[in-house]
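Peer 1: Below are the sequence and a predicted model for it; my questions follow.
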Amino acid sequence: MAKSKRMSVAVMGAMVLSLSMHAGIVVQAGESDGLEQLRGGVAAVLNPGTSNSVDIVNATAKKLNLELLELKEEMQTGRLVMANVSNSLNVRAEANEDAEKVGMLYKDCGGTILERRDGWTKLQSGNIIGWASDEYLLFDEAAEDLANSVGKMVATVDTEALYVRTQPNTEADSYGVFPKGEVVEVLNEGEDGWICVDYEGNDGYVSSEYVVLDFIIDAGETVGEIEAREKEEEEAKRHVNYGEFSTDVDTTMLLAALIQCEAGGEIYEGQVAVGAVVMNRVRNSAYPNTIHGVIYASGQFTPAMTGKLDQVYASGNIYESCIRAAKDALAGTSNVGDLTHFRRNNGREGLVIGNHVFY
């Protein structure tokens, strides 16, 4: 019997090594709904005119000490809010600039509107509950458009082991096996119950019967989470001189592991390009100034969010080409100029290298 599909507008909190937080709303879809609703992104979740029933994640509600019904009412249409900033936005305990700072929203972060008054919005984003100025927020269709642009559909493996096929059928060769709990980015709907997912830069196919689907958008960080992350970053850069982009072996291997997770199946130029994006962010004042900080920044790299990066790094089984690409990127090689983003090539304008578009 096929497992039911689940979709959520989820928010990822601060990433400190393999720690991740996942909160949001869940929409239970009927067996006949298919993936077309899932491809609608945020709008498909927030539209009350659909036949989907909304069920709030119990653990999230308990953690925030909110009643289920109250939280459910807050998550209706028009309750999505997105940060409209180039760097970051302070979230405060009260609706004024002099109030205590309780956290920060970053570019492309989202949350849920709890209350609005006098040019301020009380919102929930990850573990943050506080007030932000409307001047730096997006609402309604503008918020949904941005969320659909920056959000990701991911699939979580819900069986002990799941083959990743090169084509959408059981007779096709396999790239490998995903273990239970593996989280991968969904690229699009396949055929006859198959989903196309990213496998080290390749298009892989898994049966939709054995995965759970979630739509995720990034969340901000509380003051406590920021302090913990900065402490980790300081520890990671103790032996690093980033002025010359020299680094220790561990950090080189961490960059190589990320390149493998994101582009292990790409041509060498594509692997170098991923490494160059990381180094471009290190140089850019809008991002952390360490490799560790860039890689584990909230919501930026899916393998870091899901724990896949830590698994590859800990295994030590990193492709030689990815290690070489990391060293080239550290040496200053960039075949993408100063570009700081990439994603699977879906028609977006930008520099196309292999299966990725850089922008």
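Peer 2: Structure's in. What do you need? Numbering: from 1, shown residues only.
Peer 1: so which strand or helix has Gly130?
Peer 2: Element membership for Gly130, per DSSP states H and E: strand 128-133.
Peer 1: Does the residue nearest to Asp192 when sequence neighbours are not counted lie in a helix or a strand, and which?
Peer 2: Nearest-residue entry for Asp192: Pro168, 6.8 Å, with adjacent residues in sequence omitted and distances by CB to CB, 6 or more residues apart in numbering. (Each C-beta comes from the backbone N, C-alpha and C, glycine too.) Using DSSP H and E, Pro168 sits in no helix or strand.
Peer 1: Burial check on Pro168, number of neighbours?
Peer 2: Using other CB atoms under 10 Å, Pro168 has 19 neighbouring residues.
Peer 1: Ok, Arg165 next?
Peer 2: Neighbour tally, Arg165, other CB under 10 Å: 20.
Peer 1: same check, this time on the one 10 residues further on
Peer 2: When neighbours are defined as other CB under 10 Å, Tyr175 has 18 of them.
Peer 1: in the sheet, who's paired with Ile216?
Peer 2: Taking DSSP bridges as the rule, Ile216 bridges to Ala10, Lys152.
Peer 1: change the start of the numbering to 28 and stick with it
Peer 2: Renumbered: residue one is now 28, and that last one reads Ile243.
Peer 1: Just the pLDDT for it.
Peer 2: The confidence metric pLDDT takes the value 82 at Ile243.
Peer 1: what's around it, how many residues?
Peer 2: With other CB under 10 Å as criterion, Ile243 counts 23.
Peer 1: Double-check it against Thr183; I have them as touching.
Peer 2: No: at 10.8 Å, Ile243 does not count as touching Thr183 under the criterion of CB atoms under 8 Å.
Peer 1: what about the strands in the stretch 178-327 of the chain?
Peer 2: Under the criterion DSSP state E, counting those that start in this stretch, the stretch 178-327 of the chain contains strands at 179-184, 188-192, 201-206, 210-216, 221-226, 229-234, 238-245, 248-249.
Peer 1: buried sites along the second one?
Peer 2: When you say that, I think you mean strand 188-192. Buried residues in strand 188-192, counted by 16 or more other CB atoms under 10 Å: Leu189, Tyr190, Val191, Arg192.
Peer 1: residues in contact with the third one?
Peer 2: Contacts for Val191 were tallied using CB atoms under 8 Å, 6 or more residues apart in numbering; they are Ser201, Tyr202, Gly203, Val204, Phe205, Val224, Tyr226, Gly231, Tyr232, Val233.
Peer 1: Could you give the bridge partners of it?
Peer 2: Gly203.
Peer 1: picking that back up, least confident of the contacts of Val191?
Peer 2: Across the set of the contacts of Val191, Tyr226 stands lowest in pLDDT, at 85.
Peer 1: is it true that Tyr202 touches Val211?
Peer 2: No: using CB under 8 Å, Tyr202 is not in contact with Val211, being 11.3 Å away.
Peer 1: shared neighbours, these two?
Peer 2: Common neighbours of Tyr202 and Val211 are listed as Tyr226 (criterion: CB under 8 Å, 6+ apart).
Peer 1: in the stretch 228-377 of the chain, which spans are helices?
Peer 2: For the stretch 228-377 of the chain, applying DSSP state H, counting those that start in this stretch gives helices covering 250-263, 276-290, 295-310, 318-322, 329-333, 335-342, 347-357.
Peer 1: could the ones you listed be laid out in TSV, adding mean neighbour count?
Peer 2: Below are those laid out as TSV (neighbours: other CB atoms under 10 Å):
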stretch	mean neighbour count
helix 250-263	16
helix 276-290	24
helix 295-310	23
helix 318-322	24
helix 329-333	23
helix 335-342	18
helix 347-357	21
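Peer 1: quick one: which of those helices is nearest Tyr237?
Peer 2: Nearest to Tyr237, of all these, is helix 329-333, at 16.9 Å by CB to CB.
Peer 1: what does the closest one rub up against?
Peer 2: With CB under 8 Å, 6+ apart as the test, helix 329-333 has contacts from 39, 42, 47, 179, 181, 209-212, 285, 288-289, 322-323, 326, 335-337, 339.
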